[in-house]
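# no letters, just coordinates:
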Ligand code: UD1
Ligand code: UDP
């Protein structure tokens with residue numbers, strides 16, 4: 001019997017898992033599993049149990065078919081290591097298509113490797129642009145899209161950006177958001193979560209914080225100032241802060257950890273698993289973040305979100321969703337926090353078009369039709 005065409009989907013860092021899980025589910029459903037073989041490749045960019053394993057469990061993904069174990073390093077080291085290891089996987093598996101998601105180093109590394117071997121690449125979450133080339137992710141987004149053969153897009157701005165950059169019109173598809181497919185999948189479990197009780201916080205009575213962008217957490221002055229802002233917030237309402245490993249390292253390095261830990265209403269935790277984190281988002285009074293994905297999830301959940309950045313590559317979350325972009329200076333943040341705490345931040349928000357939990361279904365149908373001609 002001839003071998004089925006193989007799709008390799010590449011994951012590496014935390015925000016990749018929730019984007020690929022729905023694709024794996026649909027491609028391994030009876031409708032598609034007789035037509036193709038879908039396999040997950042984990043680069044190992046993120047490797048702590050709380051940054052990786054937890055997501056396989058919560059999103060009910062199987063062990064990856066390939067684990068590259070690249071770990072941390074400088075941008076060049078990490079990108080190069082993924083390329084070297086992923087090339088071996090491609091030579092072995094001979095995939096008909098490589099599917100990459102998002103904008104992390106693993107995304108561009110896998111794209112470069114596959115395209116140089118003549119393997120078509122589909123980019124899920126293509127076309128997003130912040131316009132800020134000091135962000136490593138922006139460089140990854142631009143380079144990945146420049147090389148990709150198929151673009152699956154979450155919002156209209158992505159289509160506009162790709163067409164401006166001369167991406168082939170017939171290969172750009174507005175499909176919705178696979179990250180939101182995962183929200184739909186995990187919501188019933190999140191409703192059962194006991195994480196609020198475990199942390200000792202009440203519905204709508206806490207602010208949820210995530211910070212990990214180098215521009216916010218690698219610079220001592222900026223991180224010190226953000227911590228002071230959060231300490232002020234904790235005087236008005238409990239603050240729950242699951243700390244990303246990059247941020248924890250810097251809080252320790254700058255001597256800020258003990259200061260936070262001394263405040264009784266400032267609750268620091270390890271990075272949370274997906275289901276607990278979803279429960280924490282949906283029940284928060286508001287969310288303060290610099291994450292890409294959290295901007296989208298809060299919009300899907302209808303939870304007010306303050307994004308501590310000067311730009312966003314996800315403008316729809318501000319245009320129609322609950323997100324407010326707040327360049328992280330003292331004056332801006334004070335104003336935004338005061339509005340959020342007094343309840344003045346309520347926006348007339350909507351869920352963006354096609355963020356309905358069915359993006360992976362749309363992608364699968366297009367892949368089979370356009371990439372494999374079935
Ligand atoms: C990466 C992505 C970023 C994404 C973020 C999601 C790039 C360039 N950056 O940033 O776009 O928003 O993931 O969380 O790809 N570390 C651990 N344990 C881990 C992983 C990392 O301790 O499991 C520590 C290491 O000290 C490492 C540092 O965190 O050096 C940064 O990790 P890295 O993957 O390079 O970048 P992130 O900041 O996580
Ligand atoms: N997330 C999580 N636990 C946490 C923090 C975030 O499960 O403690 C999830 C969040 O719900 C979203 C994803 O991680 O699905 C976002 O990843 P991250 O913020 O690390 O990366 P970004 O989206 O900024 O690239």
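Structure received. Since we're looking at a predicted model, the values are computed, not measured. Numbering: from 1, shown residues only. Ligands and ions are numbered 1, 2, ... in the order given.
# write out the residues of the stretch 101-250 of the chain neighbouring ligand 2.
210, 242 (C-beta under 6 Å from any ligand atom). C-beta here means a position set from N, CA and C on the backbone, and glycine is covered the same way.
# do that again at 5 Å, thanks
Proximity of the stretch 101-250 of the chain to ligand 2, by C-beta under 5 Å from any ligand atom, involves residues residue 242.
# quick check, the residue in the stretch 101-250 of the chain closest to ligand 2?
residue 242 (3.6 Å; C-beta to the nearest ligand atom).
# what sits against that residue?
210, 268, 269, 270, 271, 272, 277, 280 (C-beta atoms under 8 Å, 6 or more residues apart in numbering).
# who does it bridge with?
Legend: beta-bridge partners of residue 242 under DSSP bridges are residue 269.
# now do the strands in the stretch 251-374 of the chain.
Here the stretch 251-374 of the chain has its strands, by DSSP state E, counting those that start in this stretch, at 266-269, 286-289, 305-307, 323-325.
# deepest in the core, which of those strands is it.
Highest mean neighbour count among the strands of the stretch 251-374 of the chain (mean count of other C-beta atoms under 10 Å): strand 305-307, with a mean of 28.
# helices or strands up against that one?
Packed against strand 305-307, as judged by 3 or more C-beta pairs under 8 Å, 6 or more residues apart in numbering; DSSP states H and E, are the following elements: strand 286-289, helix 292-301, strand 323-325, helix 330-341.
# at 10 Å instead, please
Here strand 305-307 touches strand 206-210, strand 286-289, helix 292-301, helix 316-319, strand 323-325, helix 330-341, going by 3 or more C-beta pairs under 10 Å, 6 or more residues apart in numbering; DSSP states H and E.
# do the shortest one and ligand 2 meet at all?
The one in question is strand 323-325. No: judged by C-beta under 5 Å from any ligand atom, strand 323-325 and ligand 2 are separated, with a smallest distance of 12.9 Å.
# turn the contacts of residue 242 into JSON lines, columns for distance to ligand 1 and pLDDT.
Shown next, in JSON lines, are the contacts of residue 242 (distance: C-beta to the nearest ligand atom, whole Å; pLDDT from 0 to 100):
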{"residue": "210", "distance to ligand 1": "9", "pLDDT": "98"}
{"residue": "268", "distance to ligand 1": "16", "pLDDT": "96"}
{"residue": "269", "distance to ligand 1": "15", "pLDDT": "97"}
{"residue": "270", "distance to ligand 1": "11", "pLDDT": "97"}
{"residue": "271", "distance to ligand 1": "8", "pLDDT": "98"}
{"residue": "272", "distance to ligand 1": "12", "pLDDT": "98"}
{"residue": "277", "distance to ligand 1": "12", "pLDDT": "98"}
{"residue": "280", "distance to ligand 1": "16", "pLDDT": "98"}
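# what is the most widely separated pair among those?
Within the contacts of residue 242, 268 and 277 form the most distant pair, 14.5 Å apart (C-beta to C-beta).
# what does the stretch 151-300 of the chain put close to ligand 1?
245, 246.
# need the helices for the stretch 151-300 of the chain, in chain order.
156-164, 178-192, 195-199, 214-217, 220-236, 245-253, 257-261, 274-282, 292-301 (DSSP state H, counting those that start in this stretch).
# quick one, which of those is packed in tightest?
Of these, the one with the most neighbours on average (mean count of other C-beta under 10 Å) is helix 292-301, at a mean of 24.
# could you tell me the angle between that one and helix 178-192?
Computed with axes from the mean of the first three to the mean of the last three C-alpha atoms, to 10 degrees, the direction of helix 292-301 lies at 70 degrees from that of helix 178-192.
# how far is helix 292-301 from where the chain is centred?
Relative to its parent chain, helix 292-301 has a centroid offset of 9 Å by C-alpha atoms, centre = their mean, to the nearest Å.
# now do stretch 318-330
For stretch 318-330, the distance to the chain centre is 18 Å (C-alpha atoms, centre = their mean).
# in that stretch, what counts as buried?
318, 320, 321, 322, 323, 324, 325, 326, 328 (16 or more other C-beta atoms under 10 Å).
# ok, now stretch 68-82?
With burial defined by 16+ other C-beta under 10 Å, the residues of stretch 68-82 counted as buried are 68, 70, 78, 79, 80, 81, 82.
# one step back: mean pLDDT lowest where, among the helices of the stretch 151-300 of the chain?
Of all those, mean pLDDT reaches its minimum on helix 257-261 (a mean of 90).
# same for it, what does it pack against?
Counting by 3+ C-beta pairs under 10 Å, 6+ apart, helix 257-261 packs on helix 220-236, helix 245-253, strand 266-269.
# mind redoing it with 6 Å?
Judged by 3 or more C-beta pairs under 6 Å, 6 or more residues apart in numbering; DSSP states H and E, helix 257-261 has no packing partners among the helices and strands.
# perfect, that will be all.
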